[in-house]
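**Q** What follows is a predicted structure for the sequence shown.
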Amino acid sequence: MDRAFLHVMSGFNGLLVAFVFHVIVLAQGQIASCVPEMKIRKNMLCTASSESKLNISCPVTYCEEIPAVGWIKIDNKNNFIHISGTNQVTITQEQTGLKDITSHMIFRNISTDDNGIYRCMISASNFSLESHNINVNVSGRTLETADRIPIMVNVPQLSWLPYSFMCLGILLLLMTMTLTSSLSKCRCVCPTKTALHKTEYTTAVYTLTTSSPAISTCDA
C-alpha cells in the first residue's frame, strides 16, 4: 500500500509541476505578445485657420511600462524634426485609463508655416513605435480679409450716386422754374406799358377831336 500510495503521489506531483510550468509559459507568452498601440487612423487630416488654436491628440495603449511619448515633423526633404515645447507649441500628457495615456500637441497661434506631416512617437526600454502620418493643413486668413476690403470700401461710394443725381435734378428743376417765372413777369409788364401808351395816344386823339363825336372810338 505504501509503495502504491507513493507512486500515486509521485505521479500527482509530476502533473502539478507540469501544470504550473504550462501556466507560467502561457503567462509569459501573453506578456511577450502584448504590443503598445497608438490609435491614430491612416492619413489623418487636421485643418485650422491661421492665427487660431489647434489641439492634436495621440491616444496610446501600453502593456506594463509607461512609454515616453514624443512628436516629430517630416519636412519636404523627409527629415525628421523633433518637436519640443515652445511659446507657440505645448506638449502635455494625461492618464485616460488603466493602461491608456493621451499626448496632446497644442498650437496656440498656428500659422501657414506649420503646414506639413506630423507623427506621434512612443519609446520604452525595449521598443519604439511611430504612428501614421497626421496631415496638418492651415488656411491663411489674410487673403480672405483682403478680398473683402474693396467691397466694404466701394459700397458707401456707390450708395451716394443716386442721391447726387437726385440733388442735381432738383437743382436743374429749380433753375428752370426760376427762369420760367422771370420770363412770365416780363411778358406781363410789357403789354401794360403798351396799353398805357395807346391810352395816352387815344386820349390825345380824343381831345383833339372832341368837336366830332361821331369819329371818336373807345376800342382798346
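**A** Arrived safely. Residues are numbered from 1 along each chain as shown.
**Q** drop to CA atoms for contacts and neighbour counts, all remaining ones
**A** Will do.
**Q** Residue 38: neighbour count?
**A** Close neighbours of residue 38, defined as other C-alpha atoms under 10 Å, add up to 20.
**Q** Ok, residue 46 next?
**A** Count around residue 46 with other C-alpha under 10 Å applied: 14.
**Q** Please name the bridge partners of it.
**A** Applying DSSP bridges to residue 46 gives these bridge partners: residue 136.
**Q** domains of the protein?
**A** Taking automatic domain parsing as the reference, the chain has its domains at 37-140, 142-209.
**Q** model confidence over the helix or strand hosting residue 175, on average?
**A** Per DSSP states H and E, residue 175 falls inside helix 142-208. When pLDDT is averaged along helix 142-208, the result is 58.
**Q** Stretch 84-98 too?
**A** 93.
**Q** Pull out the buried residues from it.
**A** Residues 89, 91, 93 are the ones in stretch 84-98 that count as buried (16 or more other C-alpha atoms under 10 Å).
**Q** what comes into contact with it?
**A** 71, 101-110 (C-alpha atoms under 8 Å, 6 or more residues apart in numbering).
**Q** buried subset of these?
**A** Buried, going by 16+ other C-alpha under 10 Å: 71, 101-108, 110, out of these.
**Q** And the residues you listed, which two are furthest apart?
**A** Spatial extent of the buried ones among the contacts of stretch 84-98 (C-alpha to C-alpha) is set by the pair 101 and 110 at 24.9 Å.
**Q** quick revisit: mark which of the contacts of stretch 84-98 are part of helices, please.
**A** Taking DSSP state H, every one of the contacts of stretch 84-98 sits outside helices.
**Q** would TSV of those residues with distance to residue 133 be doable?
**A** Converted to TSV, the contacts of stretch 84-98 look like this (distance: C-alpha to C-alpha, whole Å):
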residue	distance to residue 133
71	11
101	19
102	17
103	16
104	15
105	14
106	17
107	18
108	21
109	22
110	19
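**Q** between those residues, which is nearest residue 50?
**A** Closest to residue 50, out of all of the contacts of stretch 84-98 and judged by C-alpha to C-alpha, is residue 110, at 5.7 Å.
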